[in-house]
Every structure is written in structure tokens, then in C-alpha cells.
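*Asks:* Got a sequence here, can you model it:
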Amino acid sequence: MKSEKKSFIKNDKTLYAAICLMLIGITLLSLTGCTRNTEPLSRTGFFFDTVIQITLYDTKDTAILDGCFELAQTYEQLFSPTIEGSDVWNINHSEGVSVNVKEETLDLLSAAVDYAVLTKGVIDPTIRPVSELWHFGSEDEPCVPDESAIKEALTHVSYQNIRIANGDTPDRNHPGRYTVRLDDPKAAIDLGCIAKGYIADKLKEYLLSQGIQSACISLGGNVLVIGEKPDHSPFRIGIQEPFAPDGTSLGTVEIRDTSLVTSGIYERCFYEDGRFYHHVLDTATGYPVDNELAAVTILCPSSTKADALSTSCLCLGLSKGRQFLDSFSDVEYLLVTKNGTQYCSAGFAMQ
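*Replies:* You can find the predicted model right below:
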């Protein structure tokens with residue numbers, strides 16, 4: 001029987017345009033009421049398969065923006081699973097041999113493993129053998145893989161296959177170096193569930209070292225703000241309504257010196273034979289997670305933590321996800337179900 005033609009909700013080009021519109025909206029909201037510096041420095045680029053925008057409000061030094069985008073390029077060259085020669089690419093093609101990596105790669109992978117342990121594998125950095133089959137984020141069109149291929153790929157998904165060594169506990173074959181080894185030669189890692197959050201935190205660290213006290217860093221669905229606007233008012237960030245036309249906002253959140261991260265099932269997705277599929281995969285089944293949630297927005301000082309928790313909650317579902325998030329004292333959240341019902345923590349104030 002002939003397969004029904006796929007109907008894509010968003011492809012990479014429309015996603016790029018949608019994020020651009022969102023970033024323009026964020027910039028306009030951020031400029032409202034500014035008096036001390038009416039012409040902030042801002043630059044937009046494309047890294048990590050998404051549009052990024054960095055806006056500085058208290059400097060005219062373009063070299064600082066240059067430094068931000070040099071860092072973005074550096075991190076993409078380290079963490080991308082598709083760029084040949086990156087740390088992650090080298091690990092994935094090492095066939096079980098220890099690989100020398102940069103300290104940042106070791107830090108990020110260690111954090112990813114920590115959240116895998118915390119969630120008992122609900123999120124797992126070794127999901128790549130499965131995610132590769134779906135072609136999300138690749139040049140090929142996403143598609144439903146053969147069931148037997150998914151089952152075989154799942155046998156290589158386990159964060160327990162990862163062996164990490166640093167300068168304090170060196171690999172006996174590479175003493176004093178940062179190394180990573182995969183026990184299963186067919187295992188492979190993908191740090192997409194946490195990488196943008198980590199990079200946002202590192203960009204913040206760099207900007208603070210340059211004396212910046214007012215800035216907005218946007219990496220797709222990850223927004224981190226430093227300080228407040230020049231007129232001492234908070235930044236106002238819009239939250240996209242799931243499945244609605246681009247730019248349709250559920251409301252805005254006022255934030256200072258913190259991070260706001262959203263994970264959802266409505267961006268990278270498609271229909272095949274009348275069924276809906278998205279890019280957030282269940283590590284137990286190899287298929288997209290299927291529960292009540294359409295989107296999770298996390299408010300937390302650490303963008304790394306917010307990134308990991310938003311994906312974790314999206315995978316856990318409404319009840320378990322709320323219970324999980326409520327265990328963190330520094331986290332506020334907004335959960336939106338597929339039917340549009342909203343659940344907010346006590347400290348999440350949306351206007």
C-alpha cells in the first residue's frame with residue numbers, strides 16, 4: 001500500500017524564519033523603556049542548528065560580540081555530532097578506543113551523564129543511534145524508521161557505556177589527559193538535550209569577564225539574560241503558544257539575571273500516514289514520547305540545568321514531570337498540555 005505523503009509542520013527554513021521573528025519580538029520588548037542606551041549592540045547568526053542572537057546594552061565595543069561568536073563557533077566545533085573532527089564526532093567514531101577531548105567537552109558530557117543518572121535514563125546522551133534513524137536535524141527529510149532498526153539501535157543506548165577520565169583520574173593509556181571512551185563500539189552520543197544551555201552559561205561567563213552587566217543571549221528556545229535593562233526594568237520575554245502561528249504568544253515573563261528555556265514537540269515534527277511524530281524521543285521505545293505535554297518552560301539561574309530539566313519533564317509527562325520539577329528549590333515552570341491547559345509553579349508569573 002502506498003504511503004501517504006508526509007505533511008511537514010515546519011522545515012529548517014521555516015523554523016529559521018520563525019525564530020528570527022521571535023528574536024525580533026524579544027529585542028523590541030527588551031528595548032521598551034530603555035533610556036540610557038537606545039542603540040544596543042546586537043548580532044544574529046546560525047549555530048547549533050538554530051538561530052542565535054546576542055544583544056549587549058551597556059557597551060559599544062563590537063570586539064566583545066566578536067568574542068561571543070568565536071566562542072559559539074568553538075563550541076559547535078567541539079559538540080556537534082555531525083562535524084567531522086569534533087570531539088563528539090571523534091568519540092562516536094572511536095570504536096571503543098579512548099579519545100582525547102577538551103575540558104569543556106568533558107564538563108558537558110559529565111553534566112549530561114549526571115542528569116541521565118538523576119532521571120534514571122529518561123534522558124540519555126547515548127540516544128544518537130536511535131535519533132540518527134529519524135533524520136531530525138539532518139539534510140534528509142525526517143521519516144519513521146523501520147521498527148527492527150529502532151530495536152537494534154536501542155541496544156546501544158545506555159549512559160553506562162560512557163567512561164570519563166580527567167586529569168585527576170587519568171586514563172591509564174593517556175595519563176594526565178581528558179579522555180572519553182564508549183564501552184560499546186556501536187554506541188554514540190548526542191548532547192542536544194543540554195548543549196545549548198551549557199553554551200549560554202559559558203557565553204554569560206565570558207561576557208561577565210568583559211564587564212558586561214546588561215545583555216540578552218538567545219539560542220533558539222534558550223534565553224539567558226544578564227542583569228536588567230539599562231533603565232533598571234526587567235527583560236520581557238514572550239512564550240510561543242504550541243502549534244499556533246509563529247509569533248502567537250501565550251504571554252510574557254519578566255526576568256532579571258536568569259535563564260528561560262522552553263522545550264516543545266511542535267517545532268521539529270511531521271505527519272506520516274496521518275500520524276504525528278516529533279523529535280523528542282523516548283529512550284525506552286525509540287519513538288517520540290507520547291504523553292499530555294506539548295511544551296515545558298523552565299525558569300532557573302543555570303541555563304544548563306534549565307535545558308536538561310525542560311527535556312526531562314517533557315519526557316516524564318504531566319504528573320511525574322511536575323513532581324520532578326517541584327523537587328528543585330531554584331526552579332519555576334510553565335507546563336502546557338496538548339489541549340492548551342497550563343500548569344504553573346507558584347513563582348512563575350506570566351502576564
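
*Asks:* going forward, measure contacts between C-alpha atoms and count neighbours the same way
*Replies:* Fine.

*Asks:* quick one: the strands in the stretch 201-350 of the chain?
*Replies:* Using DSSP state E, counting those that start in this stretch, the strands found in the stretch 201-350 of the chain span residues 214-219, 222-227, 235-240, 249-255, 259-264, 269-272, 275-278, 293-300, 332-337, 342-344.

*Asks:* would a markdown table of those with distance to K186 be doable?
*Replies:* Formatted as a markdown table, those follow (distance: least, C-alpha to C-alpha, whole Å):
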| stretch | distance to K186 |
| --- | --- |
| strand 214-219 | 31 |
| strand 222-227 | 31 |
| strand 235-240 | 38 |
| strand 249-255 | 43 |
| strand 259-264 | 28 |
| strand 269-272 | 27 |
| strand 275-278 | 24 |
| strand 293-300 | 32 |
| strand 332-337 | 36 |
| strand 342-344 | 40 |
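
*Asks:* Out of those strands, which gets nearest to E141?
*Replies:* Closest to E141 of these is strand 269-272 (C-alpha to C-alpha; 9.5 Å).

*Asks:* pLDDT (mean, whole number) over the closest one?
*Replies:* For strand 269-272, mean pLDDT rounds to 91.

*Asks:* any weak-confidence spans in the stretch 101-250 of the chain?
*Replies:* Counting by pLDDT under 70, the stretch 101-250 of the chain contains low-confidence residues at 137-139, 167-176.

*Asks:* H278: what's it in contact with?
*Replies:* Residues touching H278, when contacts are defined by C-alpha atoms under 8 Å, 6 or more residues apart in numbering, comprise I265, Y266, E267, R268, C269, F270, P288.

*Asks:* Skip the chain neighbours and tell me the closest residue to I91.
*Replies:* Using C-alpha to C-alpha, 6 or more residues apart in numbering and skipping residues adjacent in sequence, the residue nearest I91 is V99, 6.0 Å away.

*Asks:* E95 versus the residue nearest the centre of the chain, what's the distance?
*Replies:* Most central in the chain under C-alpha atoms, centre = their mean is K196, positioned 4.5 Å from the mean C-alpha point. For K196, the distance to E95 under the criterion C-alpha to C-alpha, to the nearest Å works out to 27 Å.

*Asks:* T105 too?
*Replies:* When C-alpha to C-alpha is applied, the distance between T105 and E95 equals 18 Å.

*Asks:* cool, and V331?
*Replies:* Counting by C-alpha to C-alpha, the gap from V331 to E95 is 39 Å.

*Asks:* what's the answer for F243, then?
*Replies:* From F243 over to E95 the distance is 41 Å, taken as C-alpha to C-alpha.

*Asks:* which pair in the contacts of H278 spans the largest distance?
*Replies:* Applying C-alpha to C-alpha across the contacts of H278, the maximum distance is between E267 and P288, 13.2 Å.

*Asks:* If you tally nearby residues, what's the number for the residue nearest to N166 when sequence neighbours are not counted?
*Replies:* Setting aside the residues directly before and after it, N166 is nearest to Y178 in space (C-alpha to C-alpha, 6+ apart), at 4.4 Å. Neighbouring residues of Y178 were enumerated by other C-alpha atoms under 10 Å; the total is 24.

*Asks:* Y178 and D124, how far apart?
*Replies:* With the distance defined as C-alpha to C-alpha, Y178 ends up 21 Å from D124.

*Asks:* picking that back up, mark which of the contacts of H278 are part of helices, please.
*Replies:* Secondary-structure check on the contacts of H278 using DSSP state H: no residue lies within helices.

*Asks:* Closest one of those to D87?
*Replies:* The shortest distance between D87 and any of the contacts of H278, using C-alpha to C-alpha, involves R268 and amounts to 25.3 Å.

*Asks:* sorry, back to before: the more surrounded of T105 and E95?
*Replies:* Of the pair T105 and E95, T105 is the one with more neighbours under other C-alpha under 10 Å, namely 22 against 16.

*Asks:* Residues in contact with the helix or strand harbouring S148: which ones?
*Replies:* Element membership for S148, per DSSP states H and E: helix 147-154. Contacts of helix 147-154 with the rest of the structure, by C-alpha under 8 Å, 6+ apart, involve I127, P129, V130, L133, T283, A284, T285, G286.

*Asks:* Neighbour count and distance to Q323 added to the residues you listed, as CSV?
*Replies:* Shown next, in CSV, are those (neighbours: other C-alpha atoms under 10 Å; distance: C-alpha to C-alpha, whole Å):
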residue, neighbour count, distance to Q323
I127, 26, 24
P129, 23, 30
V130, 27, 28
L133, 17, 32
T283, 22, 20
A284, 13, 20
T285, 12, 23
G286, 24, 24
